[in-house]
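Visitor: Provided below for reference: sequence and predicted model.
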Amino acid sequence: MNGVGLLLPAVIGLAVLMGGNAEAETVSFPGPGITLKAEFFRPDGPGPFPAVVALHGCGGLYGRKGGLSPRHADWAARLAASGFVVMFPDSFGSRGVGSQCKTRNRQARASRERVDDAMAAKAYLQTRPDVKPNAVSLLGWSNGGSTVLNTVRTGSAAGSKTTGPDYARAVALYPGCRLQARSDKWHTAIPLLILIGAADDWTPAAPCEALAERAVAQGEPVSIRLYPGAYHDFDHPSLRVHKNTGLAFTGSGGNSAHSGTDPAARADVLERVPAFLAR
């Protein structure tokens, strides 16, 4: 797959989507012992709107040139065009750290600090007059997807630290499900959609399948969709499939895993996610 060939149509499509009020605004709000910064997008019109808290992966929120990474910019534009307020909390930059993909001892963990960040972001959005407080959903990629699983868990300690309605719905793209699948204490009461590539060797699909199967058997509102042949980052607008090395955590226990765009899987999630969040 030629990376240049993927890039051009993706950039053209993003340029069209970024019209109107999709320009980012930087906002700040109180987090767990720190001030969290976030990139904020809103649709045209007065609102109030449904909202999405979007959680970045272990690579962080920003690209090499300083702006939002292509995946996050693409999703921000698409969700705002679909009528959602979208906010990306910067869990790493707010703590003065960069990419954590090659770091084992992380300062913002998917099981603790980032769960608190997600709850603080929800609480902040529910104070805004342009947001519907009962229609705030959660979306996350990879490490952010793992944070989604920890945040929506029934009885999560973070839930007692904020007030206001719970998250309405949640989507986790290629999360790490191993710990949740091993624990019979993981349950959720809100609709959760897990999207993952069947060929993912960074965060493998099998534990997510086991988690979803158990949850459904217990009557919980969890669904999963697997994409044959797709690797990690399959929804990226223009990333050729390649091997990442030096990683701190992978499904194989080694230090390498593949990632890259899968056009068929990407096309599906671009339709499936906004439709799921809008229900």
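Guide: Arrived safely.
Visitor: Strands along the stretch 1-150 of the chain, start to end?
Guide: Listed in chain order, the strands of the stretch 1-150 of the chain (DSSP state E, counting those that start in this stretch) span 25-30, 35-41, 49-55, 85-89, 131-141.
Visitor: any chance of those in a markdown table, plus mean neighbour count, distance to residue 225 and mean pLDDT?
Guide: For every residue, glycine as well, the C-beta is placed using N, CA and C. As requested, these are exported to a markdown table (neighbours: other C-beta atoms under 10 Å; distance: least, C-beta to C-beta, whole Å; pLDDT from 0 to 100):
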| stretch | mean neighbour count | distance to residue 225 | mean pLDDT |
| --- | --- | --- | --- |
| strand 25-30 | 13 | 32 | 96 |
| strand 35-41 | 20 | 26 | 98 |
| strand 49-55 | 26 | 19 | 98 |
| strand 85-89 | 26 | 22 | 98 |
| strand 131-141 | 23 | 15 | 98 |
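Visitor: Flag the shaky bits of the stretch 1-150 of the chain, pLDDT-wise.
Guide: 1-22 (pLDDT under 70).
Visitor: So which residue is dead centre in this structure?
Guide: Nearest to the mean C-alpha position of the chain, counting by C-alpha atoms, centre = their mean, stands residue 140 at 1.3 Å.
Visitor: pretty sure that one is touching residue 167, no?
Guide: No - applying C-beta atoms under 8 Å, one finds residue 140 not in contact with residue 167, separated by 11.3 Å.
Visitor: do you know how far the residue nearest to residue 50 when sequence neighbours are not counted is from residue 175?
Guide: Nearest non-adjacent residue to residue 50, counting by C-beta to C-beta, 6 or more residues apart in numbering: residue 135, 3.8 Å away. Per C-beta to C-beta, to the nearest Å, residue 135 is found 23 Å from residue 175.
Visitor: cool, residue 109 as well?
Guide: Residue 109 is 14 Å from residue 175, by C-beta to C-beta.
Visitor: More neighbours: these two, which one.
Guide: The neighbour count for residue 109 versus residue 175, taken as other C-beta atoms under 10 Å, is higher for residue 175 (28 against 17).
Visitor: On the three-state scheme, residue 210 is what?
Guide: Using DSSP: H, G, I helix; E, B strand; the rest coil, the structure places residue 210 in helix.
Visitor: end-to-end on stretch 224-235?
Guide: Stretch 224-235 has an end-to-end distance of 16 Å (C-alpha to C-alpha, to the nearest Å).
Visitor: quick one: the helices in the stretch 101-250 of the chain?
Guide: Secondary structure of the stretch 101-250 of the chain (DSSP state H, counting those that start in this stretch): helices at 113-125, 143-151, 178-182, 205-217.
Visitor: so of those, which one's packed in deepest?
Guide: Stretch with highest mean neighbour count among those: helix 143-151 (a mean of 28; mean count of other C-beta atoms under 10 Å).
Visitor: Counting by contacts, list what it packs against.
Guide: strand 49-55, helix 113-125, strand 131-141, strand 170-173, strand 192-197 (3 or more C-beta pairs under 8 Å, 6 or more residues apart in numbering; DSSP states H and E).
Visitor: Tell me which of those approaches residue 207 most closely.
Guide: strand 192-197 (9.7 Å; C-beta to C-beta).
Visitor: Quickly note the distance from residue 67 to residue 218.
Guide: Counting by C-beta to C-beta, the gap from residue 67 to residue 218 is 43 Å.
Visitor: okay, the two: which has more neighbours?
Guide: A count of neighbours by other C-beta under 10 Å puts residue 67 above the other of residue 67 and residue 218, at 13 against 10.
Visitor: Hmm, that one is touching residue 73, no?
Guide: Yes - the pair residue 67 / residue 73 is scored as a contact, 6.9 Å apart, by C-beta under 8 Å.
Visitor: quick revisit: make TSV out of the helices and strands packed on helix 143-151 and add distance to residue 262.
Guide: Rendered in TSV, the data for the helices and strands packed on helix 143-151 read as follows (distance: least, C-beta to C-beta, whole Å):
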stretch	distance to residue 262
strand 49-55	20
helix 113-125	26
strand 131-141	14
strand 170-173	12
strand 192-197	7
